[in-house]
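In: 3D, please:
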Amino acid sequence: MFLHERTRFTGLVPALVLACAACTPQTGLHTQAPAQAEPSMAGDWWHQSGDALLDEMVAQALSALPPVCAAPERGIRGGIRAALHHQSAEKRHAQEHERAVERLQKAEAVAGAYLRLRAWADRLAARHAMLAPWVDNAEIARFRREAGLVPALDEDMAGVMVGLNASDEDAARAGLERALTDLARLTGQDAAALRARLDKTSAMPIGNGAATSNTLLAQAEAALANARIAYRGGAASFATLYVAEANALAAREAQIMANHTAALATIRQWSEKAMAEEAHCG
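Out: Coordinates of the predicted model:
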């Protein structure tokens with residue numbers, strides 16, 4: 001009788017292997033299907049981010065993970081079935097633990113790429129916002145130079161400011177493109193479609209930027225406003241205006257990076273807590 005059971009079990013091995021292989025999606029196929037979020041778990045920290053787009057990006061990336069597969073036990077009887085059931089339960093528990101860790105690692109990678117993308121987008125916006133005022137400064141410098149009120153150096157410095165800002169704007173745009181490519185790769189999305197989604201959403205609410213950065217920005221912008229008025233009225237040199245413009249831009253970028261750092265620290269804290277909880281459960 002035992003030999004009969006053993007013979008039946010041996011014949012089922014290839015079938016079990018094939019059944020398990022059938023549960024594994026083929027490479028590349030999952031990126032073509034619509035995203036379907038996995039069931040919410042206690043450690044799914046991204047749901048508390050307050051950022052709907054981040055939540056969606058993580059769900060998109062996690063939907064590409066292959067399912068956990070367990071071999072079927074139908075057709076197997078007696079002690080062999082009990083042994084297989086025990087082994088299958090242990091194996092599935094191990095697979096589920098590995099999957100939970102993989103999900104958390106993937107989510108943190110997506111969040112990091114998303115935060116870098118946001119930071120570059122904010123830096124690009126800050127550089128772009130400076131273009132019109134600097135062009136205006138250059139025009140005023142030209143008019144005042146033509147009127148003989150200021151030396152040609154003022155107009156030259158204004159032109160340098162416009163050129164430097166354009167160069168920095170190009171660098172920020174290139175950084176944005178790299179971050180966009182990284183996030184698109186992680187989530188399996190089209191970069192152009194992802195850009196369109198980003199343009200329609202507000203800035204990330206995760207974390208809190210340093211209050212010091214906000215105070216410095218307010219002070220720098222107030223100084224800049226006064227410097228512009230003074231230069232237009234002939235009460236200040238262009239060098240004073242140049243310094244005020246540079247300080248205001250530096251303060252804006254410092255605030256952007258403070259917000260980015262605070263958001264990244266919050267994400268890491270959530271992820272580390274979830275990972276610790278999973279290690280304890282595993």
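
In: in the host helix or strand of residue 153, what counts as buried?
Out: Take DSSP states H and E as the rule and residue 153 turns out to sit in helix 152-187. By neighbour count on 16 or more other C-beta atoms under 10 Å, the buried set for helix 152-187 is 154-155, 157-158, 161, 165, 168-169, 172, 175-176, 179-180, 182-184, 186-187. Bear in mind the C-beta positions are built from the backbone N, C-alpha and C, glycine included.

In: same question, stretch 249-257
Out: Those buried within stretch 249-257 under the rule 16+ other C-beta under 10 Å are 249, 251-257.

In: quick one: average pLDDT of it?
Out: Mean per-residue pLDDT for stretch 249-257: 90.

In: what sits up against it?
Out: The contact list for stretch 249-257 (C-beta atoms under 8 Å, 6 or more residues apart in numbering) reads 119, 122-123, 126-127, 130, 209, 213-214, 216-217, 219-221.

In: for stretch 127-147, same thing?
Out: So stretch 127-147 is in contact with 150-152, 154-155, 157-159, 161-162, 165-166, 168-169, 172, 228, 231-232, 234, 238, 241, 245, 249, going by C-beta under 8 Å, 6+ apart.

In: run the last query once more with 10 Å
Out: Here stretch 127-147 makes contact (C-beta atoms under 10 Å, 6 or more residues apart in numbering) with 149-173, 224, 227-228, 231-232, 234, 238, 241-242, 245-246, 248-249, 252-253.

In: how much does the top helix by length along the chain deviate in direction from helix 152-187?
Out: Determined from DSSP state H, the single longest helix within the chain is helix 78-146. For helix 78-146 against helix 152-187, the angle by axes from the mean of the first three to the mean of the last three C-alpha atoms, to 10 degrees is 170 degrees.

In: from the contacts of stretch 249-257, which one has the minimum pLDDT?
Out: Scoring these by pLDDT puts residue 209 last, at 57.

In: and for the residue lying closest to residue 281 once chain neighbours are set aside, the neighbour number?
Out: Residue nearest to residue 281 in three dimensions, not counting chain neighbours: residue 97, with 7.6 Å by C-beta to C-beta, 6 or more residues apart in numbering. Number of residues near residue 97 (other C-beta atoms under 10 Å) recorded here: 14.
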